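Q: give me coordinates for this.
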Amino acid sequence: ASELRRSHFIKENSLVCELTNYPREDVTKDKLYGISHRLYAIQNSLEIYFSRRTNELFDLDDKIILYDLTNTYFEGAMRSSKIARFGRSKEKRNDARLIVLAVVVNVEGFLKYSQLFEGNTTDNETLGPIIEELSVRTSHIGRKPIVVMDAGIATEDNLSLLRTKGYDYVCVSRS
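A: All right, here's what the predicted structure looks like:
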């Protein structure tokens, strides 16, 4: 949802103000914009910290990681965005700019890594940049985690890349 709708949701349907002692009347779309920019600026540090911390708290090994993509469209024109592009929306929309979100999670559902791509990026173009981060973002003892992905990502080039980098993988066959 947009920040405006999200601010209404927080005020009407959320306990976040009670949990944080933040005044409900101070929740505005502008404050949400501001905090989202501040959080995005430290995204990598937050993800690394939370990845390591959840592994410590829950004694996790990240033996298997899941890699998938989704996209989201914008309600506004987004003309000044550096990555919002017209592309193939999962909702079959072609009238709005979108971005692609790539996520890596472990089997417990804890986020290991995320990255935004231009809205016209195809699924199979994203694995290269992501695979470079996996050794930093996952804990593995003795061997790298098994990468699980769908057929849209599992091209011959990507499978070759995984083998070259020493990753085992599971995927749906394209044939």
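
Q: from now on I want contacts and neighbour counts done on CA atoms only, so please keep to that.
A: Fine.

Q: and Leu161, what are its phi and psi?
A: phi -60, psi -50 (degrees, to the nearest 10).

Q: so what's the residue count around it?
A: By other C-alpha atoms under 10 Å, the residues close to Leu161 number 15.

Q: quick one: the helices in this protein?
A: With DSSP state H as the criterion, the chain has helices at 3-13, 16-20, 29-41, 43-58, 127-137, 156-164.

Q: which per-residue confidence value corresponds to Ser135?
A: Turning to Ser135, the model gives it a pLDDT of 69.

Q: please disregard the earlier target; I meant Asp68.
A: 91.

Q: give the buried residues for the least confident helix or strand in the chain by mean pLDDT.
A: Lowest on mean pLDDT, DSSP states H and E among the helices and strands of the chain sits helix 127-137, with a mean of 79. By 16 or more other C-alpha atoms under 10 Å, the buried positions in helix 127-137 come out as 127, 130-131, 134, 137.

Q: now those in TSV, with distance to Asn158?
A: Below are the buried residues of helix 127-137 laid out as TSV (distance: C-alpha to C-alpha, whole Å):
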residue	distance to Asn158
Leu127	7
Ile130	11
Ile131	10
Leu134	15
Arg137	19
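
Q: now do the contacts for the residue in the chain sticking out farthest from the centre.
A: Distance from the C-alpha centroid of the chain peaks at Glu25, with 30.4 Å (C-alpha atoms, centre = their mean). When contacts are counted by C-alpha atoms under 8 Å, 6 or more residues apart in numbering, Glu25 touches Lys11.

Q: any idea how far it lies from Glu12?
A: 11 Å (C-alpha to C-alpha, to the nearest Å).

Q: picking that back up, looking at the buried residues of helix 127-137, which is nearest Ser51?
A: Nearest to Ser51 out of these is Arg137 (C-alpha to C-alpha; 6.8 Å).

Q: okay, and for this protein, where does confidence drop off?
A: 1-3, 135-136, 139-142, 174-175 (pLDDT under 70).
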